[in-house]
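Visitor: Sharing a sequence plus its predicted fold:
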Amino acid sequence: MRYAEVYKSWQEDPEGFWMKAAEAIDWVRPPSRALFDEKAPIYEWFSDALCNTCWNAVDRHVEAGRGEQPAIIYDSPVTNTKASITFAELKDRVARLAGALAARGVEKGDRVVIYMPMVPEAVIAMLACGRIGAIHSVVFGGFAANELAVRIDDATPKAIIAGSCGIEPGRIVPYKPLLDGAIEMASHKPEFCVILQREQQRAELVEGRDIDWQDFVADAEPVDCVPVAGNHPSYILYTSGTTGQPKGVVRHTAGQLVALNWTMKNIYGVEPGEVFWAASDVGWVVGHSYIVYGPLIHGNTTIVFEGKPVGTPDAGTFWRVIDEHKVRSFFTAPTAFRAIKRDDPEGKLIENYDISHLRALFLAGERADPDTIQWAERVMKVPVIDHWWQTETGWAIAANPLGIELLPIKYGSPSVPMPGYDVRILDQEGKELPAGELGAIVIRLPLPPGTLPTLWNAEERFIKSYLSRFPGFYETGDAGYKDEDGYLFIMARTDDVINVAGHRLSTGAMEEVLASHPDVAECAVIGVADELKGQLPVGFLCLNAGCNRPHEEIVAEVVSLVRERIGPVAAFKQAVVVERLPKTRSGKILRGTMVKIANGEPFKTPATIDDPAILDEIAEALKTLGYPKG
């Protein structure tokens, strides 16, 4: 079947479509039906089933005779370590950790916070929780103590599993002092903490509370998988909320199993046994869905990579990993490719490696500008597929489904909606807009399996945040349009659509133009307040390594490019060259914070920021343009 037929088969019979997909999962008790809509607009999938995530991700592959297949390849250029763990070894290690947790009283429904670097033990901890029905909440390793404390108070974990430290290029980040500080600040206190001691920096253990991981599992009895209901939460993952209070996105067990398994073949085009690599972190949704659960449920080998796209040791590290481990399908963020392109604009380093077995590169996390996609296509000589999704959805809303058929690629578009997603473009009054018109992107309810059914202990907030503005629809918070062929174009967060003298303009469209300039490696456009026109766009440019042309020349060229391609209506007259852009650790540019600096408004440094010092550099750059005014 081709994409159009597959999508139509879902539209005509959603129940049948998802029940068919559910046949690929091992059930203790199969679901009697797919959708449970009695509590609409709160929807659940496969609620009356009994199942276990860990069984589907680990044990069943061992039972099927594939115990000797590598489940996890650990590749850590920052510690110069490589290791491979088979499914049989993974089962043993997970069952022992699960047994140790159970022996300390962790039961089905208890929460466990995981605060770990990119090491196999992070994956083992997640799977061990799933094995006994505990609900894990992974917090990005190295997150600030006060932010970790907020999450501890919201999730109220019985236990915390942490690493002693994380390793960044050229420095060690001690995690234990941050964890100690967070526990001190939090009202809720965990009963115990398990600490993975890393040789790069061992942690001081608090007597009576902290246990060394090795001692914890040394005499543990392995335990079997505990069946849980289909609507039992697999995990809570916090995403930043507009109020400063993080939102605990909940993922139900059965929906996640069915949806993620379906995506591995149909979207990413891999068969069981092949190597899949998502260069992300287990602290983010991509790490949950496509380092841990998706690949392992489907029987793929997954790579746990502890390094960076550049600097560990150079901009060729991705090519080395793809070559060495024979990666079939690769997924990372556009920002990683912009960093590689900036360090190696000609793509020379790839010539040292053989990546011929790679089928495709997938990009998500930030809008993938056409220039970055075309550069990657030229250098890698494989299809480069932009796809779009959110922490909340857990898997792609729109993609180019490689495993069904590779549709024509349209630069700047993540292609078409996936089965389960009825995507509409609405104006501010909730009226559907014709093709080509910019509006709010919404998804008709119910959302498909594997997406968030609610927020942790905050159902009212879930309805208010996502379902209230456009009744009957989930509000994505993104703005964009559909073309005549049904392709989606995600142009900006709704907050990043700027109003210049009554014209609603997309900052994403302007960024696309700036990125096409041969000297620009990366860029951002924000809308700043203006008395006369309401808002005016301001551009920030990061230049390619080795570019030594006068900055004012480059600025003049990008200003004229925007005028030529978007028109004088954009009123784009100001841009500044900066060394780097403020980003979250997952690569999202913090445009909202930049707007506040430009407008002279008070702001809170986002907890997810990669390096807070960049905000001072942005403030200095804005001063040269006369911001904030007055």
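Guide: Nice, I can see it.

Visitor: and Leu581, what does it touch?
Guide: Glu522, Cys523, Ala524, Phe540, Cys542, Ile589, Ile614, Ile618 (Cβ atoms under 8 Å, 6 or more residues apart in numbering). The C-beta positions use only the backbone N, C-alpha and C, and glycine is treated the same way.

Visitor: Kindly list the longest helix within the protein.
Guide: As assigned by DSSP state H, the longest helix anywhere in the chain is helix 87-103.

Visitor: Now flag whichever of the contacts of Leu581 is closest to Lys189.
Guide: Ile614 (34.8 Å; Cβ to Cβ).

Visitor: What is the distance between the longest helix of the chain and the centre of its chain?
Guide: In terms of Cα atoms, centre = their mean, to the nearest Å, the centre of helix 87-103 is found 27 Å from the chain centre.

Visitor: same thing with stretch 200-208?
Guide: 31 Å.

Visitor: Tell me the secondary structure of Gln11, please.
Guide: Under DSSP: H, G, I helix; E, B strand; the rest coil, Gln11 falls in the helix class.

Visitor: ok, it - contacts?
Guide: Asp422.

Visitor: What's the separation between it and Tyr43?
Guide: Remark: distance between Gln11 and Tyr43 (Cβ to Cβ, to the nearest Å) = 17 Å.

Visitor: With just CA atoms, put whichever strand or helix holds Val538 into PDB.
Guide: When elements are assigned from DSSP states H and E, Val538 belongs to strand 534-543. Taking Å, rounded to 0.1, in the frame of the first residue of the first chain, the C-alpha atoms of strand 534-543 are listed here in PDB:
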ATOM      1  CA  GLY A 534       3.700  47.000  16.300                       C
ATOM      2  CA  GLN A 535       6.600  44.700  15.800                       C
ATOM      3  CA  LEU A 536       9.800  44.700  13.700                       C
ATOM      4  CA  PRO A 537      12.000  41.700  12.800                       C
ATOM      5  CA  VAL A 538      15.600  41.500  14.000                       C
ATOM      6  CA  GLY A 539      18.000  38.900  12.600                       C
ATOM      7  CA  PHE A 540      20.900  37.100  14.400                       C
ATOM      8  CA  LEU A 541      23.600  35.500  12.200                       C
ATOM      9  CA  CYS A 542      26.300  32.900  13.100                       C
ATOM     10  CA  LEU A 543      28.900  32.700  10.300                       C
END
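
Visitor: What helices and strands are in contact with it?
Guide: strand 497-500, helix 507-515, strand 520-530, helix 551-565, strand 574-577, helix 613-624 (3 or more Cβ pairs under 8 Å, 6 or more residues apart in numbering; DSSP states H and E).

Visitor: Out of the ones you listed, which is closest to His136?
Guide: Nearest of these (Cβ to Cβ): helix 613-624, 31.2 Å.

Visitor: hmm, who's touching that closest one?
Guide: 538, 540, 576-583, 593-594, 597-598, 605, 609, 628.

Visitor: So among those residues, which ones count as buried?
Guide: The neighbour-count test (16 or more other Cβ atoms under 10 Å) marks 538, 540, 576-578, 580-583, 593-594, 597-598, 609 as buried among the contacts of helix 613-624.

Visitor: Out of these, flag the one nearest to Gly166.
Guide: Ile609 (15.9 Å).

Visitor: What pairs with the helix-or-strand element of the chain with minimal mean pLDDT, parallel or antiparallel?
Guide: The least trusted helix or strand in the chain, going by mean pLDDT, DSSP states H and E, turns out to be strand 503-506, with a mean of 76. Strand 503-506 has the following strand partners under DSSP bridges: strand 497-500 (antiparallel).

Visitor: Report the buried residues of the strand it pairs with.
Guide: Residues of strand 497-500 classed as buried: Val497, Ile498, Val500 (neighbour count, 16+ other Cβ under 10 Å).

Visitor: pLDDT score assigned to the first one?
Guide: What it means is Val497. Looking at Val497, its pLDDT reads 77.

Visitor: For it, give the beta-bridge partners.
Guide: Note on Val497: beta-bridge partners by DSSP bridges are Ser506.

Visitor: List the residues that contact it.
Guide: Leu438, Ala479, Met491, Arg504, Leu505, Ser506, Thr507.

Visitor: Equivalent analysis for the second one, please.
Guide: Contact criterion Cβ under 8 Å, 6+ apart gives Arg504, Leu505, Thr507, Gly527, Gln535, Pro537 as the residues in contact with Ile498.

Visitor: out of those, what pair is the most spread apart?
Guide: Checking those with Cβ to Cβ, the most distant pair is Arg504 and Pro537, at 12.4 Å.

Visitor: hmm, back to that, mind putting the contacts of Ile498 into JSON lines with neighbour count and distance to Glu63?
Guide: Below are the contacts of Ile498 laid out as JSON lines (neighbours: other Cβ atoms under 10 Å; distance: Cβ to Cβ, whole Å):
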{"residue": "Arg504", "neighbour count": "13", "distance to Glu63": "56"}
{"residue": "Leu505", "neighbour count": "25", "distance to Glu63": "56"}
{"residue": "Thr507", "neighbour count": "25", "distance to Glu63": "51"}
{"residue": "Gly527", "neighbour count": "25", "distance to Glu63": "56"}
{"residue": "Gln535", "neighbour count": "20", "distance to Glu63": "59"}
{"residue": "Pro537", "neighbour count": "23", "distance to Glu63": "58"}
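
Visitor: Thank you kindly, that will do.
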